[in-house]
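Novice: Coordinates for the following, if possible.
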Amino acid sequence: MAHAEPTTAKKTKVVVKEPPMFKVIYINDNATSMEFVIDSLISFFDYNEDTAHKITMDIHEEGAATVAVLPYEIAEQKGIEVTVSARAQDFPLQIKLEPEIA
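Specialist: Numbers count the residues shown, from 1 in each chain. Okay, the predicted model is just below:
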């Protein structure tokens, strides 16, 4: 008759890290209309009209501005969606993603 070996349960500590955050940055150009930029901020980032207008002015005056800080996958998806929309309307708007440094 075989004897069963005693077993010990191991507790594994799972450390869940928050996903890295990335800045979604709009780059100013001379061809993309301010109306498109405002509309894209409202449509894709859920800003109200006043906030979208302020961010658009920041982009225009500074040459670029961070429009959102999101987990990488969401930031990438938003960047793609805005770029596709811009190209569909013949605008050369450039979107850049940069890691947020805490």
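
Novice: ok, now how distant is I101 from K23?
Specialist: 9 Å (Cβ to Cβ, to the nearest Å). From N, CA and C alone the C-beta is placed, and that goes for glycine too.

Novice: Look at these two and report which has more neighbours.
Specialist: K23 (17 against 6; other Cβ atoms under 10 Å).

Novice: Check which residues of the host helix or strand of that one are buried.
Specialist: Taking DSSP states H and E as the definition, K23 sits inside strand 21-27. Residues 21-26 are the ones in strand 21-27 that count as buried (16 or more other Cβ atoms under 10 Å).

Novice: again with stretch 68-80
Specialist: Neighbour-count burial for stretch 68-80, counted by 16+ other Cβ under 10 Å, picks out 68, 70, 75, 78-79.

Novice: For V14, state which of these is nearest.
Specialist: When the buried residues of stretch 68-80 are ranked by distance to V14 (Cβ to Cβ), L70 comes first, at 24.3 Å.

Novice: and the closest one, what does it touch?
Specialist: Contact partners of L70, counting by Cβ atoms under 8 Å, 6 or more residues apart in numbering, are 21-22, 24, 78.

Novice: May I see those arranged in JSON lines, with distance to L93 and pLDDT as well?
Specialist: Below are the contacts of L70 laid out as JSON lines (distance: Cβ to Cβ, whole Å; pLDDT from 0 to 100):
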{"residue": "M21", "distance to L93": "22", "pLDDT": "96"}
{"residue": "F22", "distance to L93": "18", "pLDDT": "98"}
{"residue": "V24", "distance to L93": "12", "pLDDT": "98"}
{"residue": "K78", "distance to L93": "13", "pLDDT": "98"}
